[in-house]
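Engineer: coordinates for the following, if possible.
(one chain, ligands or ions: 3)
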Amino acid sequence: MSTVTLLGFPRIGLKRELKRALELYWRGEIDAAALADAAASLRRRHWQLARDAGADVVPVNDFSLYDHVLDHAVLFDAVPDSHRPLLDADPLAGYFALARGRQSGGHDLRALEMTKWFDTNYHYLVPELTGDQAFRLRGDKPVAQFKEARDAGFAARPVLLGPVSFLRLSKRVDGGDPLALLDRLLPCYVELLGQLKDAGAQWVQIDEPCLVLDLDAAAHDAYRRAYDALASSGPRVMLATYFGALDDNVALAASLPVDGLHVDLARAPEQLAAVLAALRPGTTLSLGVVDGRNVWRADLDRALALARRAREALGDARVQLSASCSLLHVPIDLDAETALAPLVRSWLAFARQKIEELRTVADALAGHEAAIAALAAARGVRAARLLSPLVVKPALRKRLATLPPDLGDRRSGYAERVARQNAAFALPVLPTTTIGSFPQTQAIREARANHRAGRLSDREYDAYLERETAHAVRVQEELGIDVLVHGEFERNDMVEYFGEQLDGYAFTKLGWVQSYGSRCVKPPIIYGDVARPKPMTLRWSRYAQSLTPRPMKGMLTGPVTMLNWSFVRDDQPCADTCRQIALALRDEVLDLEAAGIRVIQIDEPALREGLPLKRADWAAYLAWAVECFRLTANGVADGTQIHTHMCYSEFNDIIDAVAAMDADVVSIETSRSRMELLDAFVRFRYPNGIGPGVYDIHSPRVPSRDEMVDLLRKALAVLPTGNVWINPDCGLKTRDWPEVRAALEAMVSATQALREELAA
Ligand SMILES: CN1c2c(nc(N)[nH]c2=O)NC[C@@H]1CNc1ccc(C(=O)N[C@@H](CCC(=O)N[C@@H](CCC(=O)N[C@@H](CCC(=O)O)C(=O)O)C(=O)O)C(=O)O)cc1
Ligand SMILES: N[C@@H](CCS)C(=O)O
Ligand SMILES: [Zn+2]
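Structural biologist: Residues are numbered from 1 along each chain as shown. Ligands and ions are numbered 1, 2, ... in the order given. A predicted model of the protein is given here:
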């Protein structure tokens, strides 16, 4: 019978128990032992859940207190010299200093850079390597977690990030090629695999998601050298590839001397034939037949058909059934969603239900009657979903089909627009602004929770939000910020808040998915045609503008980000869904403008991360993504200023698309890379306004005025002064008020210093 395995399970806990424990620990309210207990009990609960749902083998070492890439950097001692003494003295404190920075106890340590994990909304910490990097094993996390599961009676498979992917996801501080360090790193893997074998591991899962990327000859060579070196040094190796098709790398992956290969058959079912043809004799094939990136019940007939084909070619013992990738990217348990409309709920599967689906396929493959009957039931539910009147809105479809071709064009070019805007707003040189959110304090979240639970009336909640908004406006005025924001206090999240107000979207109570560290999101679920029944942000923008004579920015999440950070329907192309969202948001933009809001920011932080992993697919994606942004933004008059904001982006590859969006101002995250990310704009001679982020909002560390002056000088040396705006890297919702005040005070003071220099 085929084995059911998992590549990984969510770590945060159904009720975000890990988040709570981490934040208590960081505030000094629990000690390291209590944090370790909370983590161990979550691991135990998740192994049990996975086994009860039907997994034959559970993953271990997929658990992390903050991030699995950081865990590997620490495991191999691939950390900056600055952090090593603390890591030696107090491993947990050192670990969190790498993740979050630390400015206490005589330390001034910065956090590592954080970036997107492939095309997901999970963020990993980028290991920093030097040219003469030495690696050694530090600690024994994978072995300890294997023993923990083994001793608790679970059949467990340790998960490691593979050496080539680890290096490709790292960066060299000297600009060199991280893969040049491969030969130095491999002995650590060999030693670790030996330890796992000694501990009794039968299999180890080695993740090489980079095998689904476009790879050059040097990367192919690195893969061969790496796996030749690892061959037979430890347990049997399941080489896991995910997030797409192996395509040109299929022969490479299948030729490596490993015992098993996992392939993603949710995104790329068509690759099964090529994989079966290329597989070495004796190799086990793990079929990722259930989608680990989305929440729809699987097409179990298709999954079973794929499994049967693999079994015919390989025999039962050489076939494993799994989700396409780690289940890290989906919520834990649909059973907790008691408030979802029953029909919509019947269409969904979260992590636990996905394991049950895998069990069903495995059992059906083995001919079990009950499983075969379950397949028929699942078939009925899927068919009903695709035909449901909840899904299709004919009037909207008609509007979309008859859009005038120039709907996404501004009336005039940038030069004319900016002249009008400058005359209307009379802003100083180097105008200051922020990205939108102000601290989402515990008190605000509690008020929202109380409102949701009926303990706070609509009127009380509204009045509370008005007070918070008025306070934020006052603070910005006191600080001397030029273009203000209302603070986004009414929003639980920049995507979920809009999803809650749009037709065609469902939202969950406990559908938490980790975004980074202790931070989570509840991605809303797009199940049908999207439409806007009524204005969504007008009330708060209008109120905030009424409090100040300064320009108040309207604040919207853009269509591409709404799409990429939601669970999307799988019954129509993403481009079509995105156009529907764009039309809904366009109406919001025009309502804001009509209400006198003359600066409107449309955030698109997820536009870059949605780039397909293969370059060949980029142009098509960027074409519809830009079209959707333009459709949303460009119906306004010349005097209305459109801003967009993007964070965590590497812009070199997409600068043409950013320019084609034609926003009047784009604010970007640049401080962590010390303005390196500006290069693309400089080389392109980006013509419109640009706000390079001058301080990192992800760390509690308050930057000094001089640091910001320094960064700004770098920016002003390469950008036309008249185009430059001054802002933080991203929104301030995760910070607290004293930090925000101090940091913005320093930002305004840095700006004033530069204005004086420019005037002199
Ligand atoms: C900007 N980013 C975002 C991304 N994706 C999004 N969908 N949204 C984003 O803003 N991706 C990239 C970046 C970085 N990512 C994040 C992601 C998440 C956060 C964050 O701060 N998340 C909050 C949760 C936000 C939320 O939904 N809050 C709700 C629920 C609040 C809550 O916990 N309530 C309690 C009761 C109150 C209490 O006692 O605290 C409860 O329900 O139990 C809300 O505000 O209503 C997080 O804390 O993880 C930041 C950046
Ligand atoms: N307006 C949002 C953008 C985050 S990317 C915020 O300020 O939080
Ligand atoms: Zn941002």
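
Engineer: from here on, just use CA atoms for contacts and neighbour counts.
Structural biologist: OK.

Engineer: where do the helices of the stretch 101-250 of the chain begin and end?
Structural biologist: Counting by DSSP state H, counting those that start in this stretch, the stretch 101-250 of the chain forms helices over residues 141-151, 163-169, 182-198, 217-230, 250-255, given from the N-terminal end onward.

Engineer: tell me which of those is the most buried.
Structural biologist: The highest mean neighbour count among those belongs to helix 163-169 (a mean of 22), with neighbours defined as mean count of other Cα atoms under 10 Å.

Engineer: pLDDT on that one, on average?
Structural biologist: pLDDT averaged over helix 163-169 equals 98, rounded to a whole number.

Engineer: and stretch 576-584, by the same measure?
Structural biologist: The pLDDT scores in stretch 576-584 average 97.

Engineer: and the contacts of that stretch?
Structural biologist: Among residues not part of stretch 576-584, those counted as contacts by Cα atoms under 8 Å, 6 or more residues apart in numbering are 396, 400, 529-532, 558-560, 562-563, 625, 628-629, 631-632.

Engineer: residues in contact with Asn294?
Structural biologist: Under the criterion of Cα under 8 Å, 6+ apart, the contact list for Asn294 reads His329, Val330, Phe567, Val568.

Engineer: if we use 6 Å, what do you get?
Structural biologist: Phe567 (Cα atoms under 6 Å, 6 or more residues apart in numbering).

Engineer: separation between it and ligand 3?
Structural biologist: Separation of Asn294 from ligand 3 (Cα to the ion, to the nearest Å): 24 Å.

Engineer: helix, strand or coil for that residue?
Structural biologist: When classified by DSSP: H, G, I helix; E, B strand; the rest coil, Asn294 comes out as coil.

Engineer: in terms of pLDDT, where does it sit?
Structural biologist: According to the predicted model, the pLDDT of Asn294 comes to 98.

Engineer: inside helices: which ones of the contacts of stretch 576-584?
Structural biologist: Leu396, Leu400, Pro559, Val560, Met562, Leu563, Ala625, Cys628, Phe629, Leu631, Thr632 (DSSP state H).

Engineer: picking that back up, pull out the buried members of the contacts of stretch 576-584.
Structural biologist: Among the contacts of stretch 576-584, those scoring as buried are 529-532, 558-560, 562-563, 625, 628-629, 631-632 (criterion: 16 or more other Cα atoms under 10 Å).

Engineer: is ligand 1 within reach of stretch 434-453?
Structural biologist: Yes - contact between stretch 434-453 and ligand 1 is present through Gln442, Arg445, Glu446, Arg448, Ala449 (criterion: Cα under 6 Å from any ligand atom).

Engineer: ok, so of these, who is nearest Leu14?
Structural biologist: Using Cα to Cα, Ala449 is the member of these that sits closest to Leu14, with 17.1 Å.

Engineer: that closest one: how many residues sit nearby?
Structural biologist: Applying the criterion other Cα atoms under 10 Å, we find 14 residues in the vicinity of Ala449.

Engineer: make sure it is indeed in a strand.
Structural biologist: No - if the criterion is three-state DSSP, then Ala449 is helix and not within a strand.

Engineer: give me the pLDDT for it.
Structural biologist: According to the per-residue confidence, Ala449 scores 97 in pLDDT.

Engineer: over to Ser649?
Structural biologist: Ser649 carries a pLDDT value of 69.

Engineer: again with the one 5 residues further on
Structural biologist: Looking at Ile654, its pLDDT reads 93.

Engineer: quick check on it: phi, psi?
Structural biologist: For Ile654, the backbone dihedrals (degrees, to the nearest 10) come out as phi -120, psi 10.

Engineer: go on, Ile726?
Structural biologist: Recorded main-chain torsions at Ile726 are phi -120, psi 120, according to degrees, to the nearest 10.

Engineer: quick check: it touching Gly691?
Structural biologist: Yes - taking Cα atoms under 6 Å as the definition, Ile726 is a contact partner of Gly691 at 5.4 Å.

Engineer: out of those two, which sits in the more crowded spot?
Structural biologist: Here Ile726 and Gly691 are compared on neighbour count by other Cα under 10 Å; more neighbours surround Gly691, at 29 against 26.

Engineer: report the separation between the spatially most central residue of the chain and Asp259.
Structural biologist: With the centre of the chain defined as its mean C-alpha position, the nearest residue by Cα atoms, centre = their mean is Asn121, 1.3 Å away. Asn121 sits 31 Å away from Asp259 when distances are taken as Cα to Cα, to the nearest Å.

Engineer: which residue does the protein have closest to ligand 2?
Structural biologist: When distances are taken as Cα to the nearest ligand atom, the chain approaches ligand 2 most closely through Gly731, which lies 3.0 Å from it.

Engineer: now do the SS call for that residue.
Structural biologist: Following three-state DSSP, Gly731 is assigned to coil.

Engineer: so what pLDDT did it get?
Structural biologist: The pLDDT attached to Gly731 in the predicted structure is 97.

Engineer: what's the farthest-apart pair in the buried ones among the contacts of stretch 576-584?
Structural biologist: The widest separation within the buried ones among the contacts of stretch 576-584, taken as Cα to Cα, falls between Arg532 and Ala625 and amounts to 19.7 Å.

Engineer: the domain parsing of this structure - what is it?
Structural biologist: 3-387, 394-399+411-439+479-759 (automatic domain parsing).

Engineer: anything in the last one near ligand 3?
Structural biologist: Looking back up the chat, that one is domain 394-399+411-439+479-759. Yes - using Cα under 5 Å from the ion, domain 394-399+411-439+479-759 reaches ligand 3 at Cys647, Cys730.

Engineer: quick one: terminal-to-terminal distance for that domain?
Structural biologist: From its first residue to its last, domain 394-399+411-439+479-759 covers 59 Å (Cα to Cα).

Engineer: in the stretch 201-350 of the chain, which spans are strands?
Structural biologist: Taking DSSP state E, counting those that start in this stretch as the criterion, the stretch 201-350 of the chain contains strands spanning 203-207, 236-240, 260-264, 284-290, 319-323.
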